[in-house]
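Trainee: I'd like to go over a predicted model; first the sequence, then the structure.
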Amino acid sequence: MSPLPPPPPDWRLLGFSLLVGSFCFALESAAQGNSATDALNVLLIIVDDLRPSLGCYGDKLVRSPNIDQLASHSILFQNAFAQQAVCAPSRVSFLTGRRPDTTRLYDFNSYWRVHSGNFSTIPQYFKENGYVTMSVGKVFHPGISSNHSDDSPYSWSFPPYHPSSEKYENTKEFQKLYPLENITLAPDPQVPDGLPPVAYNPWMDIREREDVQALNISVPYGPIPVDFQRKIRQSYFASVSYLDTQVGHLLSALDDLHLTSNTIIAFTSDHGWALGEHGEWAKYSNFDITTRVPLMFYVPGKTTPLPGAGKKLFPYQDPFDSTSESMDPGGHVTDLVELVSLFPTLAGLAGLQVPPWCPIPSFHVELCREGQNLQRHLQLHDLEEDPHFLGNPRESIAYSQYPRPADSPQWNSDKPSLKDIKIMGYSIRTIDYRYTVWVGFNPAEFLANFSDIHAGELYFVDSDPLQDHNIYNDSQHGDLPHSLKP
């Protein structure tokens, strides 16, 4: 398959990047327990900074016909969450199947194999089980966090490929899909009532841009002017549609190569993105808007019937074609799930042995996982096989966390280096609420002190779906559910 081109730079001009990376596991020899004729290839598509602003997630503005088409043949997870809303920690977390407190990566400045443990990765596990593994674009985060090599040669059969983006620097046609007069603003542009200062993301990396500095916005809570907000949102949505075309070309090529009948496809993002919600921009927080991600799995012959002879399952869809029909997901799951579940789920779907649950602690264990196997949600798995399965959907939980250097917004609040982390915000999301507690953290020993509570947040989703009213202090802990009381 040809490499994917990079995102349109009109998006980058406003201070962001929306990149698509993918890696595939092509069968080289018989996978464990399978013959060469029935083992499946795997294509994992990872998008940078993509929140669920997609037609298949109910967004009426965004045009994403190719991703929507994939969703129509997939099982879509409505409530999937990243474990930390920043690139390197999130990617290392789901690619190793370990949480940030195990990888001990909260910034961009260490390599887990030498810093925490020689943990196996998804592509490494497939490679060791007879697969050829290949990477295009941003899969691991570049730099120290992947040993300046995208974790080569451990994870890859061939050196990863990073296409150049220079020739796309003047591409702006996708903005035409979103006239500024049609761009709405965030429904909740104000800082939430009762939000503790430690929880606020002051989006300092955005403020460092010359065009944003020229706006003379007060720090840390000053709002961006409305007209500029619309331009940012327009560029984000344009990038989503550009991304959608690249996914469309990739899946159409898969069809042309007659691989859709024996290839599992998973699609997700490393974290979400705020576009003015809560008075915040970018990521760097524990809110749903930055931790919730799209997640879907296509399993040939399981999530959808295979196409007949000569029929294409993923014909390319032009987002500029206003006559194209909207497509609903093939099936959807509302239970809360986590990105650390990618590892065991892909292994199980491909017929490999699912790595065992990690002991606590697991720094000395090379191969284990801290996430649940999601095959049960795809109705492809015997529930009784996994003793950790919570049968009641109301008991499903997703965990996220974010570090801070101080109790109030600082210049490095969004991306503190490990040595500067003084507080860690641990967040629990259930079907009913999001509860976050900000506690003291010792970066030298990687220890959180839960008796040293700096602040808390509590939002009940039914009555406050956008998480705009923090009732943590109002409750005085007296009205908290028993499971939340310290």
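Mentor: Yep, that arrived.
Trainee: can we go C-alpha only for contacts and neighbour counts from here?
Mentor: Fine.
Trainee: Look at the residue nearest to residue 329 when sequence neighbours are not counted and say how many residues are nearby.
Mentor: Once flanking residues are discounted, residue 329 sits nearest to residue 72: 4.0 Å by CA to CA, 6 or more residues apart in numbering. Using other CA atoms under 10 Å, residue 72 is surrounded by 22 other residues.
Trainee: Could you do residue 275 as well?
Mentor: Neighbours around residue 275, by other CA under 10 Å: 22.
Trainee: thinking it is in contact with residue 237, fair?
Mentor: No. In this structure, residue 275 is not within contact of residue 237 by CA atoms under 8 Å, at 10.4 Å.
Trainee: how near is the residue nearest to residue 329 to residue 240?
Mentor: Distance from residue 72 to residue 240, counting by CA to CA, to the nearest Å: 18 Å.
Trainee: cool, residue 420 as well?
Mentor: Distance from residue 420 to residue 240, by CA to CA: 34 Å.
Trainee: and the two? which has more neighbours close in?
Mentor: residue 240 (26 against 18).
Trainee: Helix, strand or coil: sort out that one for me.
Mentor: helix (DSSP: H, G, I helix; E, B strand; the rest coil).
Trainee: That one contacts residue 66, correct?
Mentor: No. Here residue 240 does not reach residue 66: they are 11.0 Å apart, not a contact under CA under 8 Å.
Trainee: Can you pull the phi/psi pair for residue 437?
Mentor: For residue 437, the backbone dihedrals (degrees, to the nearest 10) come out as phi -120, psi 130.
Trainee: Identify the residues contacting the nearest residue to it once chain neighbours are set aside.
Mentor: Spatial nearest neighbour of residue 437, excluding adjacent residues (CA to CA, 6+ apart): residue 456 at 4.4 Å. Residue 456 is in contact with 196, 435-438, 472-473, counting by CA atoms under 8 Å, 6 or more residues apart in numbering.
Trainee: hang on, residue 456 in a strand?
Mentor: Yes. Residue 456 forms part of a strand when assessed by three-state DSSP.
Trainee: mind checking the SS state of the residue of the chain most remote from its centre?
Mentor: The centre of the chain is farthest from one residue, residue 309, which by CA atoms, centre = their mean lies 35.4 Å away. Secondary structure assignment for residue 309 (three-state DSSP): coil.
Trainee: backbone phi and psi for it, please?
Mentor: Dihedral angles (degrees, to the nearest 10) for residue 309: phi -60, psi 130.
Trainee: how close does it sit to residue 364?
Mentor: If you go by CA to CA, the gap between residue 309 and residue 364 works out to 50 Å.
Trainee: what does residue 64 give?
Mentor: Taking CA to CA, one finds residue 64 at 43 Å from residue 364.
Trainee: which one of those two has more residues nearby?
Mentor: residue 64 (26 against 11).
Trainee: residue contacts, that one?
Mentor: Residue 64 sits in contact with 54-55, 240-241, 244, 319, where contact means CA under 8 Å, 6+ apart.
Trainee: Residue 348 too?
Mentor: Contacts of residue 348 (CA under 8 Å, 6+ apart): 354, 373, 375.
Trainee: out of those residues, which is most surrounded?
Mentor: Result: residue 373 is most packed of the contacts of residue 348 (other CA under 10 Å), 26 neighbours.
Trainee: before we move on, the earlier item: how near is the residue farthest from the centre of the chain to residue 250?
Mentor: 21 Å.
Trainee: what's the answer for residue 52, then?
Mentor: 20 Å.
Trainee: before we move on, what about residue 126?
Mentor: 22 Å.
Trainee: who has more neighbours, those two?
Mentor: Under the criterion of other CA under 10 Å, the comparison of residue 126 against residue 250 puts residue 126 first, with 25 against 21.
Trainee: shouldn't that one be in contact with residue 133?
Mentor: Yes. Using CA under 8 Å, residue 126 makes contact with residue 133 at a distance of 7.4 Å.
Trainee: residues near residue 206, how many?
Mentor: 16.
Trainee: With residue 204 instead?
Mentor: Other residues close to residue 204 by other CA under 10 Å number 19.
Trainee: cool, and the one 3 residues further on?
Mentor: Around residue 207 sit 22 other residues, with neighbours defined as other CA under 10 Å.
Trainee: isn't it right up against residue 213?
Mentor: Yes. Using CA under 8 Å, residue 207 is in contact with residue 213, at 5.9 Å.
Trainee: Where does the prediction get shaky in the stretch 201-350 of the chain?
Mentor: Scanning the stretch 201-350 of the chain for pLDDT under 70 picks out 325.
Trainee: got the residue ranges for the helices in it?
Mentor: 204-207, 210-213, 226-256, 288-291, 342-349 (DSSP state H, counting those that start in this stretch).
Trainee: what's the most buried one of those?
Mentor: Burial of the helices of the stretch 201-350 of the chain is given as mean neighbour count (mean count of other CA atoms under 10 Å); helix 288-291 ranks first at a mean of 27.
Trainee: Contacts for it next, please.
Mentor: 51, 81-85, 271-274, 277, 282-285, 400.
Trainee: Restricted to strands, list the residues you listed.
Mentor: Residues of those located in strands (DSSP state E): 81, 274, 282, 400.
Trainee: Counting neighbours, what do you get for the last one?
Mentor: The local packing count at residue 400 equals 25, with neighbours defined by other CA under 10 Å.
Trainee: residue contacts, it?
Mentor: Per CA under 8 Å, 6+ apart, neighbours of residue 400: 81-84, 286, 291, 426-428.
Trainee: Mind pulling up the pLDDT for it?
Mentor: The confidence metric pLDDT takes the value 98 at residue 400.
Trainee: Tell me the spatial nearest neighbour of it, not counting adjacent residues.
Mentor: Nearest non-adjacent residue to residue 400 (CA to CA, 6+ apart): residue 83, at 4.2 Å.
Trainee: burial of that neighbour, as a residue count?
Mentor: Residues near residue 83, counting by other CA under 10 Å: 29.
Trainee: Next, residue 375: phi, psi?
Mentor: Dihedral angles (degrees, to the nearest 10) for residue 375: phi -60, psi -30.
Trainee: With residue 39 instead?
Mentor: The phi/psi pair for residue 39 (degrees, to the nearest 10) is phi -70, psi 150.
Trainee: same question, the one 3 residues further on
Mentor: For residue 42, the backbone dihedrals (degrees, to the nearest 10) come out as phi -130, psi 130.
Trainee: for it, which residues make a bridge with it?
Mentor: Beta-bridge pairing of residue 42 under DSSP bridges involves residue 25, residue 264.
Trainee: tell me which residues of stretch 288-307 are tucked away?
Mentor: For stretch 288-307, the neighbour count (16 or more other CA atoms under 10 Å) marks 288-300, 303-304, 306 as buried.
Trainee: Likewise for stretch 355-362?
Mentor: Applying 16+ other CA under 10 Å to stretch 355-362 flags 355, 357-358, 362 as buried.
Trainee: Among the residues you listed, which lie within helices?
Mentor: In helices, judged by DSSP state H, none of the buried residues of stretch 355-362 are found.
Trainee: thinking again about what came up before, for the residue nearest to residue 400, give me its contacts.
Mentor: Applying CA under 8 Å, 6+ apart, the residues near residue 83 are 90, 93, 99-100, 291, 338-340, 399-401.
Trainee: Roughly how far does residue 198 sit from residue 48?
Mentor: 25 Å.
Trainee: And for residue 71?
Mentor: 18 Å.
Trainee: So for these two, which residue has more residues nearby?
Mentor: Counted by other CA under 10 Å, residue 71 and residue 48 do not tie: residue 71 has more neighbours, with 27 against 23.
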